[in-house]
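1. need a 3D model of the following:
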Amino acid sequence: MTVNARTARTAAKLALQDGTVYSGYSLGATGEVTGEVVFNTSMTGYQEILTDPSYCGQIVTMTYPEIGNYGVNSIDVERKGTALSGFIIRNESRVHSNYRSEGSLSDYLQQHNVMGLTGIDTRALVRRIRSEGAMQGILSTEDLDDASLITKAQAAPSLVGRDLVREVMPSQQEKWTQELDEWTSIEVSRGNLRGGSGQTIVSSDVADADRPHVVCMDFGMKWNIPRHLRSRGNRVTIVPGNTTADEIKRLEPNGVFLSNGPGDPEPLTYAHETIANLIGTVPVFGICLGHQLLSLACGAKTFKLKFGHRGANQPVFNVKTQKVEITTQNHGFAVDDKDLPDCLEVTHRHLNDDTIAGVRHKEADAFAVQYHPEAAAGPHDSHYLFNEFQSMLNR
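-> Numbers count the residues shown, from 1 in each chain. Reported below is the predicted structural model:
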């Protein structure tokens, strides 16, 4: 391990499988990790990114150059611990200032044993990923030999064909009671029914046993999703992503939610089977990986995107309303347009590349989107999707 005497910073390197090497300094934990190198275009929300299980197996690069200016806190956590392999930024802000701040980004990475890299030209790295596609890479403070690092990066396992969900899903079911934070709750309580219909918030006077019951299949779910479902007056139960359809039906749900999660959706055949057996029996709503799994359960196919969609500023076209929504997204796979089954219709499209961003079942109460309407962090343009699901539950 080499330490720069002038700055007392530990030297670190990133090597890509195509032979490119970037030299910088360690941020957070030290050691050596491999993963798929991707980028996120968000300007804020770095703590939510760090705690999003969908990044399991990936080294995330932030395109915005200055990260860490508002610090970290115990509120913006989307999951206990971290799942990503590494974190790359141009600069860490020397000052973190916010009324909710409880510490610095670098200290947070250290506490959670996350390897970070700073001081490299992230613009050059992102341009390379956009040009060549997401690729395997290695972060190291231990081995600084370029040839050795490139060999290791080329030997790192791909995300394709791997079941990463088993690494992040819970081991047992859980009753969820936490609601949204104060500011988001204000917006939800006002209705925010753009695109929805009628009153969708269940009265707080209703006994818990009499509330609509939502069972969430957790494939690596962000916690702001069950917060939305609970704040709308539902009874929420979270179950592992490999729970069977019969086990879910025994919980007597009024609706089933399919969560986000990491990696390739095609190896998750246990989820395909469960979802296929649930469609038509209860309303089903899926997001991100849940969108892909619902589509696969209906007979669709998926494919790996060149460099994915990751950020809080992704434009999506709503086919029904003919309006554009700015959305939060994080995925490297998409549903294929080719041979889309007749039972599904496309409801949303990504405006950057025209890929499918939402589908709806033509005969059953089942729909899904490729983005994150709970938006933690991100815009609130798509909160209405929770209201549409709530309308199905209330029926």
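2. quick check: mean pLDDT of stretch 338-345?
-> The pLDDT scores in stretch 338-345 average 95.
3. my guess is S97 meets Y70, correct?
-> Yes: with contacts counted by Cβ atoms under 8 Å, S97 reaches Y70, the gap being 6.8 Å. Backbone N, C-alpha and C define where each C-beta goes, glycine included.
4. how near is the closest residue to S171 other than its chain neighbours to N277?
-> Among residues not flanking S171 along the chain, P240 sits closest, at 6.6 Å (Cβ to Cβ, 6 or more residues apart in numbering). Distance, P240 to N277, by Cβ to Cβ, to the nearest Å: 16 Å.
5. kindly report the same for F303.
-> The gap separating F303 from N277 is 25 Å, by Cβ to Cβ.
6. please identify which of these two sits among more neighbours.
-> Neighbour totals were compared for F303 and N277, and N277 leads with 15 against 12 (other Cβ atoms under 10 Å).
7. check contacts around the more buried one.
-> By Cβ atoms under 8 Å, 6 or more residues apart in numbering, N277 lies in contact with A245.
8. what's the helix or strand for it?
-> If you go by DSSP states H and E, N277 is part of helix 269-278.
9. and for V256?
-> Secondary structure assigned from DSSP H and E places V256 in strand 255-258.
10. so how far is L50 from the nearest residue to T10 once chain neighbours are set aside?
-> Using Cβ to Cβ, 6+ apart and skipping residues adjacent in sequence, the residue nearest T10 is S26, 4.0 Å away. Using Cβ to Cβ, one gets 16 Å for the distance from S26 to L50.
11. and A312, by the same measure?
-> Note on A312: its distance to L50, by Cβ to Cβ, is 14 Å.
12. of the two, which one has the most company?
-> Shown here are A312 and L50; by other Cβ under 10 Å, L50 has more neighbours (26 against 23).
13. give the pairing partners of the longest strand along the chain; include direction for each.
-> The longest strand of the chain (DSSP state E) is strand 302-318. Sheet pairing of strand 302-318 (DSSP bridges) gives strand 323-335 (antiparallel), strand 344-350 (antiparallel).
14. can you give me the buried ones in it?
-> Buried residues in strand 302-318, counting neighbours by 16 or more other Cβ atoms under 10 Å, are found at 302, 304-305, 307-312, 314, 316-318.
15. export that strand as PDB, just CAs?
-> Extracted in PDB, the C-alpha atoms of strand 302-318 (Å, rounded to 0.1, in the frame of the first residue of the first chain):
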ATOM      1  CA  THR A 302     -35.200  -9.200 -21.600                       C
ATOM      2  CA  PHE A 303     -31.800  -8.000 -22.800                       C
ATOM      3  CA  LYS A 304     -28.800  -6.200 -21.300                       C
ATOM      4  CA  LEU A 305     -28.500  -2.500 -22.100                       C
ATOM      5  CA  LYS A 306     -25.100  -1.100 -23.300                       C
ATOM      6  CA  PHE A 307     -24.600   1.100 -20.200                       C
ATOM      7  CA  GLY A 308     -28.000   1.100 -18.500                       C
ATOM      8  CA  HIS A 309     -30.100   3.900 -17.100                       C
ATOM      9  CA  ARG A 310     -29.100   5.300 -13.800                       C
ATOM     10  CA  GLY A 311     -30.000   8.800 -12.400                       C
ATOM     11  CA  ALA A 312     -32.700  11.000 -11.100                       C
ATOM     12  CA  ASN A 313     -33.300  12.900 -14.400                       C
ATOM     13  CA  GLN A 314     -34.400  10.200 -16.900                       C
ATOM     14  CA  PRO A 315     -37.200  11.300 -19.300                       C
ATOM     15  CA  VAL A 316     -40.100   8.900 -19.800                       C
ATOM     16  CA  PHE A 317     -43.100   9.300 -22.200                       C
ATOM     17  CA  ASN A 318     -46.500   8.300 -20.900                       C
END
